[in-house]
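S.K.: Just need the structure, nothing else, for what follows:
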Amino acid sequence: MAPSVCLHSSYRNQYPGRGPQDWGQQEHQDWGHDDWSVDGFPQGHQLEAPVAAKASVALDGSFLLAALQGGKQGVVEDQPLPAMPAQKAAAKLGEGRSDQLLTPAVDAGAATEEAPLYTFLDAGVVCQMLTREDGLFRFQGLANLCAQGHMKCSPTDGRALPKWLDPVQEHECIMFAITDMVMEQLNELAAGDPVLRLELERFRAGAPESRLQRCLEWGILEVLETTLHTQMMRLTSEHERRSKELNLSQHALKMLDFVCLWQTQIESEGRVLLLTSDASLRHFGAEVASAKPRSQWPVVLLLDELNALFQQDTARGGKLIFEASHQPGVVRQFCGAALSASILQKVAADVACGNSIAQRADGNDSVVLRQELLQAVNVVSTAMNFLRTGNFGGMQAAEAGRCLRSMEEALARWQALLRNVN
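M.R.: Numbering: from 1, shown residues only. You can find the predicted model right below:
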């Protein structure tokens, strides 16, 4: 397996002088053009490999930038790509070093699995992960797992992990990735969602209660810069035609193309995921991934189906992890499993191979019940968050309090039902 070079670096590494307050605050790109790719690359350009043996060539991700800009300087065809560097936060750079673009080193023996499992999130998923109180894959639940020692992670401040976790290797970690384009969409959604708006304000302020900030500090979240991604690199005009049939937005199409471009630098299948709340994008992603070689395409999953699979998984410890994610604070006992790249990759492979719950149980009433309960839990959780921010509308505070207590009781009953539904 030939090693590969990381095409991008984190937003914070690319722009050391800019913080969360700047994320998502940039100009929109015009995607209303017809400059579509031929064979997965922009018209007139090909993405070529660097000459690893040429010492004067800096292996800093500039080859991706050159490809995105249409440049060809310093690249030669049919040469192996150098090893992908580990994406580490500023605190990992060592004393006396400023937060800067990481430069990968060539390692002939390194494989692409030295990088974390990148899991990209679209705007709908980020919104749900910030506001929902059910499911494993929500930022509060992931932060809970990290604090307990039930998730493989590499904290940016070097804090000690519980003793039952072996020294964590980079390839065992999951890196949830939010692009700056998604941040822009979240800013738009926040205009009509006070809960989301509050979370984004906390994040930009670096508030300790910010769920996104906590995940950044645990080393499981990155915001990625995509400014140079101004035209389709992997998806073709035929893909665009099909996406219009499915009523996919340009945002969704651009997001998928960027994730596909990222996957081209990871030669191992299943090491790049895209989580979405859009069933049409899930279907379209499966169609795109049916082309060979499969290793060049990311796996696209629905957030709800992934949550449901983990909640029912007893073979790999998914259910134990699911339950632990709902327990805030530090625990003193190992639950028996820890969320890692390998577990997520195996569960995702089950879905990609057609083994999702909905597909395995066609016509099963319990599946329908589960889906309805998940939707009910989501709606009630959002309403509860809305009320907790003081948005009572025409209700008095006492009435709002009674409403919240009623919702909490209903939520507890539904979550108990979800645990018992086979």
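S.K.: Show me this structure divided up by domain.
M.R.: Domain ranges of the chain: 111-360, 365-420, per automatic domain parsing.
S.K.: so of these, which one's packed in deepest?
M.R.: Among the domains of the chain, ranked by average contacts under mean count of other C-beta atoms under 10 Å, first place goes to domain 111-360 (a mean of 19). (Glycine included, C-beta is placed from N, CA and C.)
S.K.: Mean confidence (pLDDT) on it, please.
M.R.: The pLDDT scores in domain 111-360 average 88.
S.K.: what's the helix or strand for residue 336?
M.R.: Using DSSP states H and E, residue 336 is not contained in any helix or strand.
S.K.: show me where the stretch 201-350 of the chain has helices.
M.R.: Under the criterion DSSP state H, counting those that start in this stretch, the stretch 201-350 of the chain carries helices at the ranges 211-217, 237-245, 250-263, 279-289, 303-312, 318-324, 341-352.
S.K.: CSV please, covering those and showing distance to residue 202.
M.R.: Putting the helices of the stretch 201-350 of the chain into CSV (distance: least, C-beta to C-beta, whole Å) gives the following:
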stretch, distance to residue 202
helix 211-217, 7
helix 237-245, 35
helix 250-263, 24
helix 279-289, 28
helix 303-312, 22
helix 318-324, 25
helix 341-352, 27
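S.K.: Can you say which of those helices is nearest to residue 132?
M.R.: helix 303-312 (9.1 Å; C-beta to C-beta).
S.K.: tell me the angle of the closest one relative to helix 341-352?
M.R.: 120 degrees (axes from the mean of the first three to the mean of the last three C-alpha atoms, to 10 degrees).
S.K.: now for helix 303-312, which elements pack on it?
M.R.: Using 3 or more C-beta pairs under 8 Å, 6 or more residues apart in numbering; DSSP states H and E, the elements in contact with helix 303-312 are helix 123-131, strand 272-276, helix 318-324, helix 341-352, helix 357-360, helix 365-388.
S.K.: Please name every helix or strand in contact with the helix or strand just after the first one.
M.R.: It refers to helix 123-131. Scanning forward in sequence from helix 123-131 by DSSP H and E, the next helix or strand is helix 139-148. Other elements packing on helix 139-148 under the criterion 3+ C-beta pairs under 8 Å, 6+ apart are helix 211-217, helix 318-324.
S.K.: any residues touching the first one, and which ones?
M.R.: Outside helix 211-217, the residues that touch it by C-beta atoms under 8 Å, 6 or more residues apart in numbering are 20, 89, 130, 139-140, 142-143, 146, 155-157, 176, 199, 202-203, 206-208, 221-222.
S.K.: related to what we said a few turns ago, okay, the helices and strands packed on helix 139-148 in JSON lines with distance to residue 115 next?
M.R.: Below are the helices and strands packed on helix 139-148 laid out as JSON lines (distance: least, C-beta to C-beta, whole Å):
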{"stretch": "helix 211-217", "distance to residue 115": "18"}
{"stretch": "helix 318-324", "distance to residue 115": "22"}
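S.K.: which one of the ones you listed lies closest to residue 272?
M.R.: Nearest to residue 272 among the helices and strands packed on helix 139-148 is helix 211-217 (18.8 Å), distances taken as C-beta to C-beta.
S.K.: Tell me what residue 151 is bridged to.
M.R.: Taking DSSP bridges as the rule, residue 151 bridges to residue 339.
S.K.: residue contacts, it?
M.R.: With contact taken as C-beta under 8 Å, 6+ apart, residue 151 is in contact with 142, 145, 174, 218, 220, 321, 338-340.
S.K.: roughly how far apart are residue 260 and residue 331?
M.R.: As judged by C-beta to C-beta, to the nearest Å, residue 260 and residue 331 stand 39 Å apart.
S.K.: could I have stretch 163-173 exported to CSV, CA atoms only?
M.R.: Only the C-alpha atoms of stretch 163-173 are listed here, as CSV (Å, rounded to 0.1, in the frame of the first residue of the first chain):
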residue,chain,number,x,y,z
LYS,A,163,-5.1,4.0,33.2
TRP,A,164,-7.2,1.4,31.4
LEU,A,165,-6.5,3.0,28.1
ASP,A,166,-3.3,1.9,26.5
PRO,A,167,-1.2,4.7,24.9
VAL,A,168,-3.4,5.9,22.2
GLN,A,169,-2.1,5.7,18.6
GLU,A,170,-3.2,8.2,16.0
HIS,A,171,-4.8,5.6,13.8
GLU,A,172,-7.1,4.6,16.7
CYS,A,173,-8.6,8.1,16.9
